[in-house]
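K.L.:
generate a structure from the sequence data that follows.
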Amino acid sequence: MLLESPVLLNHELSTLKNHLSQYTTEIDCTYDINSKTDFLNEIQRVCAEAEQAVRSGSQHLIITDKHISKDRIALPMILATSAVHSYLVKNNLRTFTSLNVSSLECLDVHYFAVLIGVGATTVNASLIENIVSDRLNKNIYHNISFSTLLNNYKKAIEKGLRKIISKMGISIISSYRGGKNFEIIGLSRSMVESFFPGMSSRISGIGLDGLEKRVRRQHQLAFQSDNVVLDIGGEFRFRANNELHAYEGVSIHMLQEAVTRDSYNLYKNYAQRIYNMKPIHIRDLLKFNESQNPLKLDHVQSISEIRKSFVSPGISLGALSPEAHETLAIAMNRIGSKSDSGEGEKTQLDTQN
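P.N.:
Residues are numbered from 1 along each chain as shown. The predicted structure is shown next:
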């Protein structure tokens, strides 16, 4: 069977299961939250079930977290998918089966891309239809039909996937699948070596135990009896006591004020606020190593020579604005550095300033 897309809606996954039922095995990626087992044992169980199914002739595996409940906690589906894919590859079984993922966690194109990148053949974001249906019942979408909304969602995800793989020079999804074209930030090297082989984790991070504690904490918060509305987390918009943002409202306002008033003192206040923030980016962990025996200024490069090595980041005009692009170009020209932004065309204004 040849599918037109790696993105499956709920009814498409059901059709696939019904049509290929005798060759399909579904594997549950949840377990009793009160049991004495842990993530490691459960990952090993899921991998063992996958191996047994393939050796028994199953040509299509479906790993799912749909049985999650107050009493059942789910493995992170990216972890489970990569573990199963890597395990089957190691045992020379991966080419005998498809690996299909049905996940309540998966919502956006990034999650789809990561799941496919670590080995998923198809991905079904099983919660999306419930979300769309709920919003439709609240008349948020007005006169748009349910099927149209789902098709729009699917097309948007497919478009996002094409954009992601094309940036890597990849033209078909099968060339991207299982390629693990990522670099991991925040996971321990031992965990990466075990379940994400071939990927790098340069700064290491939390291990399987730490990840399990975090998932258990999230599960407990989600299923609290008095929790009527789920916490949105502040990932896309700054919210107090939630996701930390590098460029939150107060900092941006301080920068705007410094520029508007052309005040270096206000800019220094802004800079100090940024320096005092908790580390967010990897670069925040770096600092200048001041020498106890500094060289004399006439023994090092001059400021004008040092500036020649600076290059502003390459950002397309569409991602900036003409005003921002011109400001960057003018500023870099004035200090003798290079501007790498824009679309390759410099206006007379840029070159004269």
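
K.L.:
going forward, measure contacts and count neighbours with C-alpha atoms only.
P.N.:
Fine.

K.L.:
which helix is the longest one in the protein?
P.N.:
helix 146-167 (DSSP state H).

K.L.:
residues contacting that helix, please?
P.N.:
5, 7-9, 108-109, 112-113, 129, 132-133, 136, 171-173, 176 (C-alpha atoms under 8 Å, 6 or more residues apart in numbering).

K.L.:
please repeat the previous calculation with a cut-off of 6 Å.
P.N.:
Around helix 146-167, the neighbours that count as contacts under C-alpha atoms under 6 Å, 6 or more residues apart in numbering are V109.

K.L.:
quick check: buried residues in that helix?
P.N.:
L149, L150, Y153, K154, I157, E158, G160, L161, R162, I164, I165 (16 or more other C-alpha atoms under 10 Å).

K.L.:
residue ranges of the helices in this protein, please?
P.N.:
Going by DSSP H, the chain shows helices at 10-19, 39-55, 77-90, 109-117, 128-137, 146-167, 173-176, 189-195, 208-222, 249-261, 264-276, 303-307, 322-335, 348-352.

K.L.:
which one among the buried residues of helix 146-167 gets closest to Q272?
P.N.:
I164 (36.2 Å; C-alpha to C-alpha).

K.L.:
and the helices of the chain as TSV, adding distance to R237?
P.N.:
Output for the helices of the chain, formatted as TSV (distance: least, C-alpha to C-alpha, whole Å):
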stretch	distance to R237
helix 10-19	30
helix 39-55	31
helix 77-90	24
helix 109-117	18
helix 128-137	20
helix 146-167	21
helix 173-176	31
helix 189-195	30
helix 208-222	19
helix 249-261	10
helix 264-276	19
helix 303-307	36
helix 322-335	23
helix 348-352	34
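
K.L.:
and the most centrally placed residue in the chain, what pLDDT?
P.N.:
With distances taken as C-alpha atoms, centre = their mean, the residue of the chain nearest its centroid is H110 (4.9 Å). At H110, the pLDDT value in this model is 95.

K.L.:
any idea how far it lies from K70?
P.N.:
27 Å (C-alpha to C-alpha, to the nearest Å).

K.L.:
residue ranges with poor pLDDT in this structure?
P.N.:
1, 227-228, 230-231, 342-353 (pLDDT under 70).

K.L.:
can you list the domains in it?
P.N.:
10-222, 234-287, 302-353 (automatic domain parsing).

K.L.:
hey, which of the ones you listed is tucked in deepest?
P.N.:
domain 10-222 (a mean of 17; mean count of other C-alpha atoms under 10 Å).

K.L.:
in this structure, which residue sits furthest out from the middle?
P.N.:
Distance from the C-alpha centroid of the chain, by C-alpha atoms, centre = their mean, peaks at D298 (47.4 Å).

K.L.:
related to what we said a few turns ago, which stretch among the helices of the chain comes nearest Q292?
P.N.:
Nearest of the helices of the chain (C-alpha to C-alpha): helix 303-307, 21.2 Å.

K.L.:
what about the closest one, distance to the chain center?
P.N.:
38 Å (C-alpha atoms, centre = their mean, to the nearest Å).

K.L.:
what lies in contact with that helix?
P.N.:
Against helix 303-307 from outside (C-alpha under 6 Å, 6+ apart): S337.

K.L.:
could you export it as PDB, CA atoms only?
P.N.:
Once non-C-alpha atoms are left out, helix 303-307 reads as follows in PDB (Å, rounded to 0.1, in the frame of the first residue of the first chain):
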ATOM      1  CA  ILE A 303      39.100  48.000  17.000                       C
ATOM      2  CA  SER A 304      38.600  48.800  13.300                       C
ATOM      3  CA  GLU A 305      40.400  45.500  12.300                       C
ATOM      4  CA  ILE A 306      38.400  43.400  14.800                       C
ATOM      5  CA  ARG A 307      35.100  44.900  13.400                       C
END
